[in-house]
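J.: let's see this in three dimensions:
(chains A and B)
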There are 2 protein chains.
Amino acid sequence: MQQALDAAILGVRGANPLVGAMLVSEAGDVLSIGHHRGAGTHHAERDALERFRRDHPGGSDLSTATLYSTLEPCRHQGRQPACTELIIDAGVGRVVHGASDPSSNGGGAEVLRRAGIDVVSGVLAQQCQALNHRWVTAARQSRPFVTAHLAQTMDGRIAAEDGTSQWITSKAARDHTHQVRSRADAILVGTNTVAVDDPRLTARTPSGELSLRQPLRVVMGMTPARPGLQLTQGLPEGDGWVQLRTRDPLTALQELAQTTHGGYPVKHVLVEGGQSVLSAFFAADLVDEVFAYQAPLLLGTGRGSVGDIGVRTLSEAPRFALDPAEGGPVQIMDSDVCVHLQPKGDTCSPES
Amino acid sequence: MQQALDAAILGVRGANPLVGAMLVSEAGDVLSIGHHRGAGTHHAERDALERFRRDHPGGSDLSTATLYSTLEPCRHQGRQPACTELIIDAGVGRVVHGASDPSSNGGGAEVLRRAGIDVVSGVLAQQCQALNHRWVTAARQSRPFVTAHLAQTMDGRIAAEDGTSQWITSKAARDHTHQVRSRADAILVGTNTVAVDDPRLTARTPSGELSLRQPLRVVMGMTPARPGLQLTQGLPEGDGWVQLRTRDPLTALQELAQTTHGGYPVKHVLVEGGQSVLSAFFAADLVDEVFAYQAPLLLGTGRGSVGDIGVRTLSEAPRFALDPAEGGPVQIMDSDVCVHLQPKGDTCSPES
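T.: Presented below is the predicted three-dimensional model:
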């Protein structure tokens, strides 16, 4: 199960939880290892089963094999087929899973048991649960998973005194943001950011072309979005973009959870700014993941990345933990350093 | 020479430049590689010669060997013997060096030539010079090398609104600061920091004991240091601590350059804060190296690590580069990330 956890952490956070899976023979040999790579890609169990088939083209009897998975296999068909069906069809004899699935996809263990498969639940359950503790929080609050984006100077500024802000971070850091945009269901910014920066909010490749997958563009706040904004692309509200007329982040998120984009519900939101919006999300403990891009320059004055979040003394400060997912907690991007964080709490890293 | 550069970067910045050296046989075999590890330790040339002797206990004729060094070998005896003497005594036939030594130690190449050694100067000179571009700047300005210490939250704060600040960073980060303190000649803080925090300004080991080497404790500013401060240790001014009665950082540094501590001149100062002092040093472009410790928590309000440095628009912002010295530009210290930076300019990394 530890090896499945190590595989899980290679994935990316967002709409779906991190999951790792491993097929082991009766003799204890590892037959294959799989992990989930984010919404729209194979689940970990399917990844492990397909890797096994690829490496054993003659086929093989799995009736004495065990499939380990950090999360209870899903029983519902979504963008991907139900893992319970795939496991039953593959003839796997035994399934050992860590965390139970608290979402509407839960109950897979029971489905497998009814199909005659030997199922062991709760192995390394604490670590397996900790791996996705904020994904579970988001699911319980019936809201999308929230990734926050801080792109700032060494002293935490997002704009100089005169408002200039393009570009603080390097191209490699901005390319990474576009990668995150392309896998999010929605990008959310405040009305002030829209008024000042008039961003396109599209996901683009490093060469500047539109990515295949484009997130819903969301403006949050009471000030009406003026006509002709780049993010509207000349289209009426509801057609690729929406405005959420609220200052309350939980209300905004729950509205988004009821919204579909490209045929699927919005389950992952990238909150890009500005200061007021980010502060509101942090103050409400509604940030599940942070990419903090730090550019090696100093402004001294100008707008900070985060404003008043209601903290008056150090012991009240919200604390985060280095997030080992997606290739580790720290990445160097040209001259910038990107720190990947998750809210502290019941966090887990494969080493712990 | 590239290998000597790669070795040089393993050292630490401070009173002395980064230097790497390599002994190569007539046939082109690498006999030994050495580098300098900071003030008070062997110079790179001596390190390479001693490693060679250790690995070749029977001794060996070096008259056909070449000693590569990224910097012109020194000709003056300081805390360490003159490298020129050691090279001549070892019977090295040929010396190839990169940068010339711009300090009062310069002229070693001529000394070696007069001793009959074949000397080639200026190989990869640009990279060798870039390696220590700020050390050269400090020497030209007749001032100590300055390391700045930023210990801050993810949003660049050093204290909460109510002034609480202990501890923002993790123990591992504070231990690293004590390591840097123990190799600096002086630690400098402002009068405000002294009044608010009453720090000891001693260098301590991870277990809390005093390190063998203790830096001069320096207070900078016009407000007289009140009696009974911890940093005075009950001793009169001049006995382990001094106050520099100026707000001008260059004046302060040039005064320090005229000060001796433990029998040696102050050549390396660690500027720890607070905000006003750090801002003054950054504004005057008098910071040669930065350790930016970033703790994964948010304050939103409270004192920033850096205040007004005279920058009004983004293009005026002082820019830094990731510093590959001392084990790389990024280190994880418990839950914190320490980013090691040097002022941008004629910087060099071994990869470039």
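J.: near chain B, which residues of the stretch 201-350 of chain A?
T.: A:279, A:282-283, A:290, A:292, A:294, A:296-302, A:304-322, A:329-330, A:332, A:335, A:337, A:339, A:341, A:344 (Cβ under 8 Å from any Cβ of the partner chain). To be clear about C-beta, it is placed using only N, CA and C from the backbone, and glycine gets the same treatment.
J.: repeat the analysis, applying 6 Å as the threshold.
T.: Residues of the stretch 201-350 of chain A lying close to chain B by Cβ under 6 Å from any Cβ of the partner chain are A:282, A:292, A:296-301, A:305-309, A:311-314, A:317-320, A:330, A:337, A:339, A:341.
J.: so of those residues, which ones are in strands?
T.: Among those, the ones falling in strands (DSSP state E) are A:292, A:320, A:330, A:337, A:339, A:341.
J.: what is the neighbour count of the residue in the stretch 151-300 of chain A that chain B sits nearest to?
T.: Residue of the stretch 151-300 of chain A nearest chain B, by Cβ to the nearest Cβ: A:G156 (2.6 Å). Counted by other Cβ atoms under 10 Å in any protein chain shown, the residues lying close to A:G156 total 27.
J.: quick one: contacts for it?
T.: A:304-305, B:155-156 (Cβ atoms under 6 Å, 6 or more residues apart in numbering or on different chains).
J.: next one: A:A295
T.: Contacts of A:A295 (Cβ under 6 Å, 6+ apart): A:153, A:168-169, A:336.
J.: how close does it get to B:R13?
T.: 22 Å (Cβ to Cβ, to the nearest Å).
J.: burial count for the nearest residue to A:T164 once chain neighbours are set aside?
T.: Excluding the flanking residues, the one nearest A:T164 by Cβ to Cβ, 6 or more residues apart in numbering or on different chains is B:L314, at 4.0 Å. Per other Cβ under 10 Å, the neighbour tally for B:L314 reads 21.
J.: test my guess that B:L314 contacts A:G163.
T.: No. Assessed by Cβ atoms under 6 Å, B:L314 is found out of contact with A:G163, at 9.1 Å.
J.: and for the closest residue to A:R319 other than its chain neighbours, the neighbour number?
T.: Excluding the flanking residues, the one nearest A:R319 by Cβ to Cβ, 6+ apart is A:K344, at 4.2 Å. Neighbours of A:K344 under the rule other Cβ under 10 Å: 15.
J.: on that earlier part again, among the residues of the stretch 201-350 of chain A next to chain B, which ones are in helices?
T.: Per DSSP state H, helices hold the following members of those: A:F282.
J.: and the residues of the stretch 201-350 of chain A next to chain B, which are buried?
T.: Using 16 or more other Cβ atoms under 10 Å in any protein chain shown as the burial test, these include A:282, A:292, A:296-301, A:305-309, A:311-312, A:314, A:317-318, A:320, A:330, A:337, A:339, A:341 as buried.
J.: give me the low-pLDDT residue ranges for chain A?
T.: A:346-352 (pLDDT under 70).
J.: swap the cut-off to 90 and go again
T.: A:39-40, A:56-60, A:76-81, A:102-106, A:225-227, A:273, A:327-328, A:345-352 (pLDDT under 90).
J.: and the helices in it, which stretches?
T.: Going by DSSP H, chain A shows helices at A:2-8, A:44-55, A:83-90, A:108-114, A:125-130, A:133-140, A:171-183, A:191-197, A:249-257, A:275-283.
J.: from the contact counts, what lies against the third one?
T.: Packed against helix A:83-90 by the contact rule (3 or more Cβ pairs under 6 Å, 6 or more residues apart in numbering or on different chains; DSSP states H and E) you find helix A:44-55, helix A:108-114.
J.: what are the buried residues along the shortest one?
T.: Looking back up the chat, that one is helix A:108-114. A:108-109, A:111-112.
J.: got it, and stretch A:35-52?
T.: Buried residues in stretch A:35-52 (16+ other Cβ under 10 Å): A:35-37, A:39, A:41-49, A:51-52.
J.: same deal with stretch A:260-278?
T.: A:261, A:266-278.
J.: may I see those residues arranged in JSON lines, with distance to A:T137 as well?
T.: JSON lines is the format used below for those (distance: Cβ to Cβ, whole Å):
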{"residue": "A:H261", "distance to A:T137": "22"}
{"residue": "A:V266", "distance to A:T137": "17"}
{"residue": "A:K267", "distance to A:T137": "14"}
{"residue": "A:H268", "distance to A:T137": "14"}
{"residue": "A:V269", "distance to A:T137": "14"}
{"residue": "A:L270", "distance to A:T137": "17"}
{"residue": "A:V271", "distance to A:T137": "16"}
{"residue": "A:E272", "distance to A:T137": "21"}
{"residue": "A:G273", "distance to A:T137": "22"}
{"residue": "A:G274", "distance to A:T137": "25"}
{"residue": "A:Q275", "distance to A:T137": "24"}
{"residue": "A:S276", "distance to A:T137": "23"}
{"residue": "A:V277", "distance to A:T137": "20"}
{"residue": "A:L278", "distance to A:T137": "18"}
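J.: circling back: farthest-separated two in the ones in strands among the residues of the stretch 201-350 of chain A next to chain B?
T.: Greatest spacing in these, by Cβ to Cβ: A:F320 and A:V337 (15.3 Å).
J.: the closest residue to A:L188 other than its chain neighbours: neighbour count?
T.: Closest residue in space to A:L188, ignoring its immediate chain neighbours: A:V218 at 4.3 Å, by Cβ to Cβ, 6+ apart. A:V218 has 26 neighbouring residues, counting by other Cβ under 10 Å.
J.: please apply the same query to A:M220.
T.: 29.
J.: bridged to it, which residues?
T.: A:G190, A:L244 (DSSP bridges).
J.: re earlier: of all the buried residues of stretch A:260-278, which comes closest to B:P249?
T.: A:Q275 (31.0 Å).
J.: contacting residues for the closest one?
T.: A:303, A:307.
J.: roughly how far does it sit from A:A252?
T.: 16 Å.
J.: tell me the domain boundaries of chain A?
T.: As given by the TED database, the domain ranges for chain A are A:1-132, A:142-343.
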